[in-house]
Every structure is written in C-alpha cells, then in structure tokens.
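Novice: After the sequence you'll find the predicted model.
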Amino acid sequence: MFVEVCDLAQVRRDAINHFTVGGRELIVTWIDGEYSVLDGVCTHEYAELWNGFLGDGIITCPLHLSQFNAKTGEVLSPPAEEPLKTYRFKVEGSKLLVDLPDQT
C-alpha cells in the first residue's frame, strides 16, 4: 500500500532527508534528479543515518562510519555488512508516496 511520505518541496537536493512514516524511520535522497527511499537506521548498529553525511552519492553513518550507496542501499564499507532496505515509491502530483505493504 502506498502512503504519503512528504511533499516534494520538503526534499532537499543532495541531502539526507528524514521522515517517519508508518512507524518507520526513512531517508529520502534526491541525487542527479533521481529520488531514493531507504531505511534511515544503519544496519550495523542503531545509528540515525539522517545525522550522518552525504557526499558523492554515499551516505556515511555518524557512529562507525559505515558507508552506503545513497540510491541502492548497497554497503560500500564496513563495519556494516547488510545493505539498507530500499522502498518502492512513486510521485503523484507534488507528493512522494512509498510502498509499505503491511500498512492498513
């Protein structure tokens, strides 16, 4: 089920944008004209990635400096070993919606 994340005007370009949706901490990136929606918590240890750093399409965790591809969630450097979950999304008008299948 697709649920609203935000208005597109709330998404800053080349930044980590944080939203809480359906009890999930999500981050939205807008890089090179493409949006991505990923889990907002590091897969290594609890750390809020929206407090991390984004540069050259790479999200760096603020706790132990694991790095993830900001578009795909792929792990680029340890200590994280698991990728970030990515979410299907769509744009309807000025809204960004994410597919959260278990939401009612």
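Specialist: Perfect, I can see it now. Residues are numbered from 1 along each chain as shown.
Novice: Now do the helices for the chain: every range, in order, please.
Specialist: Under the criterion DSSP state H, helices are not mapped anywhere in the chain.
Novice: pLDDT below threshold where in it?
Specialist: Judged against pLDDT under 70, the low-scoring parts of the chain cover residues 103-104.
Novice: Run through the strands of it in chain order.
Specialist: Shown for the chain, the strands assigned by DSSP state E span residues 2-7, 17-21, 24-31, 34-39, 53-55, 58-60, 67-69, 75-77, 89-92, 95-99.
Novice: List the buried residues for the longest one?
Specialist: So that's strand 24-31. Of the residues in strand 24-31, Arg24, Leu26, Ile27, Val28, Thr29, Trp30 count as buried by neighbour count, 16 or more other CB atoms under 10 Å. C-beta here means a position set from N, CA and C on the backbone, and glycine is covered the same way.
Novice: Over to the fifth one?
Specialist: Of the residues in strand 53-55, those buried under the neighbour-count criterion (16+ other CB under 10 Å) are Leu54.
Novice: same for it, what does it pack against?
Specialist: strand 58-60 (3 or more CB pairs under 8 Å, 6 or more residues apart in numbering; DSSP states H and E).
Novice: Mind giving me the packing neighbours of the strand it packs on?
Specialist: Here strand 58-60 touches strand 53-55, strand 67-69, going by 3+ CB pairs under 8 Å, 6+ apart.
Novice: hang on, the earlier thing: output the strands of the chain as a markdown table; include the columns distance to Ala47.
Specialist: Formatted as a markdown table, the strands of the chain follow (distance: least, CB to CB, whole Å):
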| stretch | distance to Ala47 |
| --- | --- |
| strand 2-7 | 21 |
| strand 17-21 | 13 |
| strand 24-31 | 11 |
| strand 34-39 | 12 |
| strand 53-55 | 12 |
| strand 58-60 | 10 |
| strand 67-69 | 12 |
| strand 75-77 | 14 |
| strand 89-92 | 23 |
| strand 95-99 | 21 |
